[in-house]
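# below: sequence and its predicted model.
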Amino acid sequence: MSSKVFVGNLSYETTQDQLTDLLAGAGEIKDVYLPSDRVTGRPRGFAFVEFATEEEAQEAIEKFNEHELGGRKLRINEAEDRPRRSPGYSGGGFQPSYGGDHHGGGGGKPSRPKGSRRGKRGKKRSL
């Protein structure tokens, strides 16, 4: 088990100090990360709290899971380690390319995506 816990279902008004004060009842807190939305700047409704030891993190889960804070029941469990994104990652998704001449010119039919005809053949057979 890790010494870091995930705290979910937080009220948007919950502050880092309020969370620290509550969870300090389970042990020594090394770090509290309360992420905020990049666009609006308001909290995203969850946090990551790192304790000094794994035992303290486990105690926080047992003691404060389903505890009410700010009118909401907290959901506390072990934080999962996720790989860090590369520094150049922009968060963009998949952008398909459909081939064809992108430099203009030429006439004729517009290009269409290439792909397997297996699905089309299968549909025809099932009819």
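Nice, I can see it. Numbering: from 1, shown residues only.

# so where's the chain uncertain?
In the predicted model, the chain carries pLDDT under 70 at residues 1, 83-127.

# the helices in it, which residues?
With helices called from DSSP state H, the chain shows them at 16-23, 54-64, 118-126.

# output the contacting helices and strands for the shortest one.
This points to helix 16-23. Identification of packing neighbours for helix 16-23 by 3 or more C-beta pairs under 8 Å, 6 or more residues apart in numbering; DSSP states H and E yields strand 29-33, strand 47-51, helix 54-64, strand 68-69. C-beta: built from backbone N, CA, C; applies to glycine.

# what's the closest of the ones you listed to Ser2?
Ser2 lies closest to helix 54-64 among these, at 6.8 Å (C-beta to C-beta).

# got the contact list for Val32?
16, 19-20, 47-50 (C-beta atoms under 8 Å, 6 or more residues apart in numbering).

# so how far is Arg82 from it?
Applying C-beta to C-beta, to the nearest Å, the value for Val32 to Arg82 is 18 Å.

# what's the distance between Asn77 and Asp37?
23 Å.

# need the contact list for Arg44.
Counted by C-beta under 8 Å, 6+ apart, Arg44 has contacts 35-37.

# I'd say Gly71 and Ser11 touch.
Yes: using C-beta atoms under 8 Å, Gly71 is in contact with Ser11, at 6.3 Å.

# comparing those two, which residue is more hemmed in?
Ser11 (14 against 7; other C-beta atoms under 10 Å).

# give the contact list for the more buried one.
Per C-beta under 8 Å, 6+ apart, neighbours of Ser11: 45, 69-72.

# got a ChimeraX select line for the buried ones in these?
Paste this into ChimeraX to select the buried members of the contacts of Ser11, with burial taken from 16 or more other C-beta atoms under 10 Å:
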select :45,69
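
# could I get the contacts of Ser11 as TSV with distance to Ser2?
What follows is these, written out as TSV (distance: C-beta to C-beta, whole Å):
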residue	distance to Ser2
Gly45	21
Leu69	22
Gly70	26
Gly71	29
Arg72	24
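
# quick check, nearest of the contacts of Ser11 to Val5?
Of all these, Val5 sits closest to Leu69, with 14.2 Å by C-beta to C-beta.
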